[in-house]
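Visitor: I'd like to go over a predicted model; first the sequence, then the structure.
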Amino acid sequence: MANGGWCVARHEGRVVFVRHTLPGERVRARVTEVTKNFLRADAVEILRASPDRVVPPCPFAGPGRCGGCDWQHASLPAQRRLKAAVVEEQLSRLAGIDRTVVVEEVPDPHHDEDELTARGPGLGWRTRVQFAVRDDGVVGLRRHRSHQVEPVDECLIAHPGVEMIGIERKRWPGAASVEGIVSAGTGDRLVALRERASRSRGGGRRAAKVPRLDVPVRLLRGRGTPGGPQPYVREEAAGRLWQVTGSGFWQVHPGAAQALADAVLAALEPRPGEIALDLYCGVGLFAGVLAERVGRDGLVVGVESDAQAVRDARFNLRDLRNVSIEQGRVEDVIAELEFGREHRPAEAGRSGRGGPAGRGGAGRRGGARERENGLRADLVLLDPPRTGAGRQVVEHVAGLAGRKVAYVSCDAATLARDLAYFGEFGWTLQSLRAFDAFPMTHHVELVATLIPG
């Protein structure tokens, strides 16, 4: 099994990446793409089935259909074994690290057990679903590696709260996409609508017609009104409420935010009085849980490039005076950031009522290790996008971090690549945990812990 959910076969010496099959199966495959070095194909007939094969629960799953769930034909235990094998292979091939990986189930603290049984295992978890809309207003999901829309009347992995909105059962003339968002904890619902570009001579966009929905929702058109109030949902995790505006990032599995927050705390073991950096901090989840552990004599500095996420993070953490939220590209901010000896954590609270301040000068008294151009952060957490942190950021982090680094990733390949970079700069992998935060798909969430040595 290759990274990306493909099984690997060979035909006349060429590699063939095949979807909708499992290791050990014999299939008839239809070629869907030809490149110079390999072929892509779909398994359209199963000649010899794997014992792990099951009937896909969704009628829209399969070759040429919806591209969202690529592993509905595998049992849940088999899905987790395959994800573990892919992570192990990526670590070995890209980072030279041999490690046994176990993919852990993510519990859902909000789902009713009877509801889980009715929907089936591995279903009903996705709290954010973006639907595509055809020119005639029919809603569906994109086919794999295609702009074509597969019409659907129900998405089985969508959270019941998303399905209650009724997006798929309505027509959306003039819309390009419609995203259904629900908070499993608070019940908040939001619909984010992006309108189709106009084909008139004047260009621009034409107003989409919003149908009567089945339940009350907050509506966001496009990017909303610049500078004005934006609709949001409130999420629950780590004993706090978190405001997430519009289509801002939040884990889509109802239990993932809590599971990852717990995993990060277990990995870093923050101590009172320590300095921690939270890079790609989003709306502040990890910064918040770290701040409570390092206490009033410690300091957490969050770094985020998205302006709305920064506003949300400052609002969410406004009661924590030992948190500073910096806006900017991570590679730019950490290159300039220094921790001055004279700065008290209470004065650094850029998430608080004092409002944002400029870069640099964030720091605390005592307890941090010396380095040439300031003080070293005791702990660093990274939660980059799927593309990973990259060599430049890793080099800065390796020189900045003192005791531990935690790296949260949703892509095994880019994580393994960055772990290899950390190895070049004197850091070693202490532990790795994997979480099945995306059942029925090949995706997996990872938390790696690194220590110097």
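Guide: Thanks, I have the structure now. Computed from a predicted model, the values in this text were never measured in an experiment.

Visitor: right, and the helix or strand after the helix or strand of the chain with the lowest mean pLDDT?
Guide: Here the helix or strand of the chain ranked lowest by mean pLDDT, DSSP states H and E is strand 369-371, holding a mean of 39. Next helix or strand after strand 369-371 toward the C-terminus (DSSP states H and E): strand 374-382.

Visitor: Is residue 179 located within a helix, as I assumed?
Guide: No. Under DSSP: H, G, I helix; E, B strand; the rest coil, residue 179 falls outside any helix and is assigned strand.

Visitor: What is the neighbour count of it?
Guide: 18 (other CB atoms under 10 Å). To be clear about C-beta, it is placed using only N, CA and C from the backbone, and glycine gets the same treatment.

Visitor: repeat for residue 402
Guide: Around residue 402 there are 18 other residues, counting by other CB under 10 Å.

Visitor: what is the rounded mean pLDDT of the strand or helix carrying it?
Guide: Element membership for residue 402 (DSSP H and E) is strand 401-409. Model confidence over strand 401-409 averages 97 on the pLDDT scale.

Visitor: Same check on stretch 80-99?
Guide: Average pLDDT, stretch 80-99: 98.

Visitor: What of stretch 168-177?
Guide: Mean pLDDT, stretch 168-177: 96.

Visitor: residues of it that come out buried?
Guide: Using 16 or more other CB atoms under 10 Å as the test for burial, stretch 168-177 gives 168, 170, 172-177.

Visitor: count of neighbours near residue 85?
Guide: Counted with other CB under 10 Å, residues neighbouring residue 85 total 14.

Visitor: Going forward, the N-terminal residue is numbered 77.
Guide: All right, first residue 77 from here; so that's residue 161.

Visitor: thinking again about what came up before, return the member of the buried residues of stretch 244-253 nearest to residue 306.
Guide: Nearest to residue 306 out of the buried residues of stretch 244-253 is residue 253 (CB to CB; 17.7 Å).

Visitor: What strand or helix carries the closest residue to the closest one other than its chain neighbours?
Guide: Among residues not flanking residue 253 along the chain, residue 270 sits closest, at 4.7 Å (CB to CB, 6 or more residues apart in numbering). Using DSSP H and E, residue 270 sits within strand 265-271.

Visitor: helices and strands around that strand, which ones?
Guide: strand 251-258, strand 294-297, strand 308-313 (3 or more CB pairs under 8 Å, 6 or more residues apart in numbering; DSSP states H and E).

Visitor: Repeat the analysis, applying 10 Å as the threshold.
Guide: Here strand 265-271 touches strand 204-209, helix 236-239, strand 251-258, strand 294-297, strand 308-313, going by 3 or more CB pairs under 10 Å, 6 or more residues apart in numbering; DSSP states H and E.
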